[in-house]
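need a structure here:
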Amino acid sequence: SSLRSITVPASITAIGYSAFSNCSSLQSIAVPAFIATIGYGVFFGCSSLRSIAGPASITAIGAYAFHNCSSLRSITVPASITAIGYSAFSNCSSLQSITIPASITAIWSNAFA
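This is a model prediction of the structure:
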């Protein structure tokens, strides 16, 4: 796919299972303030994804949400997030920096493997 950036409109309140998976040209996405969860595999295999702007309303990052996002370099997890799912950031081979807030109560297996 040649999709390079996405701005999700404020009217969207949920992003479904694997919604943008394998969009290999996707480099950035802006998520609106009303999204509560980045679900299972939403950005799985988005190998060009470099950045994501997420709102403070997000409370969970689902399993495989960013799996194989090999261009993702840094992550700042918002203070609103309490859980990071299984393999959420696994195989993010360019990841150099992760900031995890004290609000996190669960980090599942292989979250950063």
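
ok, now how distant is Trp108 from Leu95?
17 Å (CB to CB, to the nearest Å). Any C-beta I mention is one placed from the backbone N, CA and C, and that applies to glycine too.

nearest residue to Ala36 other than its sequence neighbours?
Nearest residue to Ala36, sequence neighbours excluded (CB to CB, 6 or more residues apart in numbering): Thr59, at 5.4 Å.

Check that neighbour and give its pLDDT.
Here the pLDDT value assigned to Thr59 is 88.

that older thread, of Trp108 and Leu95, who's got more company?
Ranked by neighbour count (other CB atoms under 10 Å), Trp108 and Leu95 place Leu95 first, with 18 against 14.

surely the more buried one meets Leu72?
Yes. If you go by CB atoms under 8 Å, Leu95 and Leu72 touch, sitting 5.8 Å apart.

Name the residues contacting each of those two.
By the contact definition CB atoms under 8 Å, 6 or more residues apart in numbering, Leu95 and Leu72 are jointly contacted by Phe89.

in the lowest-mean-pLDDT helix or strand in the chain, what counts as buried?
Scoring the helices and strands of the chain by mean pLDDT, DSSP states H and E places strand 51-53 at the bottom, with a mean of 78. Residues of strand 51-53 classed as buried by neighbour count (16 or more other CB atoms under 10 Å): Ile52.

and stretch 8-28, average pLDDT?
For stretch 8-28, the mean per-residue pLDDT is 90.

Quick check: end-to-end length of it?
End-to-end distance for stretch 8-28, by CA to CA, to the nearest Å: 11 Å.

Identify each buried residue in it, please.
By 16+ other CB under 10 Å, the buried positions in stretch 8-28 come out as Ile15, Ser18, Ala19, Phe20, Ser21, Cys23, Leu26.

same check, this time on stretch 63-79
Buried residues in stretch 63-79, counted by 16+ other CB under 10 Å: Ala63, Tyr64, Ala65, Phe66, His67, Asn68, Cys69, Ser71, Leu72, Ile75, Val77.

hang on, isn't the second one packed against Tyr40?
Yes. The pair Tyr64 and Tyr40 qualifies as a contact (CB under 8 Å) at a distance of 6.1 Å.

Alright, calling it a day.
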